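**Q** Sequence and predicted structure below; questions after.
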Amino acid sequence: MLQKELNPASRKAKYILPALVVICLIAFAFPAIGEDATEEVWPVAELSEPSGVVYHPARKTLFAVGDEGDVAEVDLSGRVINVKRIRGDLEAITCNPATGNLFVVREGHEIIFELRPSDFKILRRFDIDRTYQGDPNFLQRGGDGIEGIAFIPDPDHREGGRFFAVNQYDPPVLLELHLPLKTSEERFEKATIVKVKELSKPPLSGLSWSGELNRLLVVSALWRSVYVVDLDGKQYETTRIPGFMQEGIASVPGGMFVIAQDTGGLVKWKPARNPFSAAGR
């Protein structure tokens with residue numbers, strides 16, 4: 001949730017001023033994100049402070065979460081189909097296409113909930129273990145934690161796929177997480193850190209998986225950009241995206257993207273070509 005970073009008393013203030021200067025320079029120099037792109041803002045008034053969004057391939061709808069604890073299903077015209085408040089600061093959402101279930105991150109306590117998409121019933125809870133390489137507080141406590149999550153299906157993986165996440169600050173990293181989706185039937189389980197790669201230019205605000213590119217898309221709200229990153233953390237293109245205080249992005253079939261902006265609403269973005277590949281520039 002980027003608002004916290006704009007507090008002058010924040011210990012992250014050293015990042016804010018230079019980043020804001022850069023944002024202003026970019027905004028004046030490049031007022032449009034491609035002249036051949038189209039944009040439309042969906043108000044989605046039922047969802048307060050959208051912070052994550054994912055496309056559901058089976059239901060052919062979007063699911064989004066917000067900072068006030070809301071989960072919403074939204075059709076591709078921006079109409080809210082269903083909404084439920086499950087409480088907490090919800091910052092990220094992803095989907096397992098094999099089961100159709102959703103995985104939602106509650107920041108602060110760093111919890112991942114598995115939800116049934118039809119009624120948002122919580123099926124399981126995975127508490128993220130902050131430990132990595134012997135450091136019990138590798139992921140530091142506070143309000144600058146997990147901001148994005150992505151599930152990558154893999155039928156050969158023992159759990160059916162791999163989870164990746166981004167931590168906003170303390171430290172700003174790309175994480176691979178292990179969730180025992182198949183090897184455990186317990187309703188309360190742990191998510192453990194498998195691998196860590198540090199990323200530049202925090203804060204890291206969102207994450208999604210592009211099967212077309214075989215790359216992760218890392219959103220940075222402060223820089224109004226998406227970093228294209230492989231599973232080893234190597235960074236490729238950096239692309240500006242529309243909206244303001246963007247905290248999530250979802251790819252929709254047909255070349256459309258939907259962006260969650262913390263200031264309110266979802267942005268439907270239809271660029272003329274894929275903006276996240278070198279060939280698409």
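**A** Everything's here; your move.
**Q** where along the stretch 151-281 of the chain do the strands fall?
**A** Counting by DSSP state E, counting those that start in this stretch, the stretch 151-281 of the chain has these strands, from start to end: 161-167, 173-178, 188-198, 206-210, 215-220, 225-229, 235-240, 246-252, 256-261, 266-270.
**Q** In a markdown table: the ones you listed, plus distance to residue 49.
**A** C-beta here means a position set from N, CA and C on the backbone, and glycine is covered the same way. Formatted as a markdown table, the strands of the stretch 151-281 of the chain follow (distance: least, CB to CB, whole Å):
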| stretch | distance to residue 49 |
| --- | --- |
| strand 161-167 | 18 |
| strand 173-178 | 24 |
| strand 188-198 | 24 |
| strand 206-210 | 13 |
| strand 215-220 | 15 |
| strand 225-229 | 20 |
| strand 235-240 | 22 |
| strand 246-252 | 9 |
| strand 256-261 | 9 |
| strand 266-270 | 12 |
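**Q** Compare these and say which comes out lowest on pLDDT.
**A** Confidence, taken as mean pLDDT, is least for strand 235-240 of those (a mean of 92).
**Q** Quick check: which helices or strands does it pack against?
**A** strand 225-229 (3 or more CB pairs under 8 Å, 6 or more residues apart in numbering; DSSP states H and E).
**Q** coming back round to it: could you export the strands of the stretch 151-281 of the chain to a markdown table, including columns for mean neighbour count?
**A** As requested, those are exported to a markdown table (neighbours: other CB atoms under 10 Å):
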| stretch | mean neighbour count |
| --- | --- |
| strand 161-167 | 24 |
| strand 173-178 | 21 |
| strand 188-198 | 16 |
| strand 206-210 | 25 |
| strand 215-220 | 25 |
| strand 225-229 | 22 |
| strand 235-240 | 17 |
| strand 246-252 | 26 |
| strand 256-261 | 24 |
| strand 266-270 | 21 |
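**Q** so which of those comes closest to residue 148?
**A** strand 206-210 (2.9 Å; CB to CB).
**Q** other SSEs contacting that closest one?
**A** strand 50-56, strand 90-95, strand 146-153, strand 161-167, strand 215-220, strand 246-252.
**Q** Turn those strands into JSON lines, columns for distance to residue 201.
**A** Formatted as JSON lines, the helices and strands packed on strand 206-210 follow (distance: least, CB to CB, whole Å):
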{"stretch": "strand 50-56", "distance to residue 201": "19"}
{"stretch": "strand 90-95", "distance to residue 201": "19"}
{"stretch": "strand 146-153", "distance to residue 201": "14"}
{"stretch": "strand 161-167", "distance to residue 201": "12"}
{"stretch": "strand 215-220", "distance to residue 201": "6"}
{"stretch": "strand 246-252", "distance to residue 201": "14"}
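**Q** how about those, which one is nearest residue 117?
**A** With CB to CB as the measure, strand 50-56 is the member of the helices and strands packed on strand 206-210 nearest residue 117 (6.4 Å).
**Q** what mean pLDDT does the helix or strand just after that closest one have?
**A** Downstream of strand 50-56, the first helix or strand assigned by DSSP states H and E is strand 61-66. Across strand 61-66, pLDDT averages out at 98.
**Q** List of residues touching strand 61-66?
**A** Under the contact criterion CB atoms under 8 Å, 6 or more residues apart in numbering, strand 61-66 has outside partners 44, 47-56, 71-76, 81, 90-93, 95, 102, 104, 117, 248, 250, 252, 258, 260, 266.
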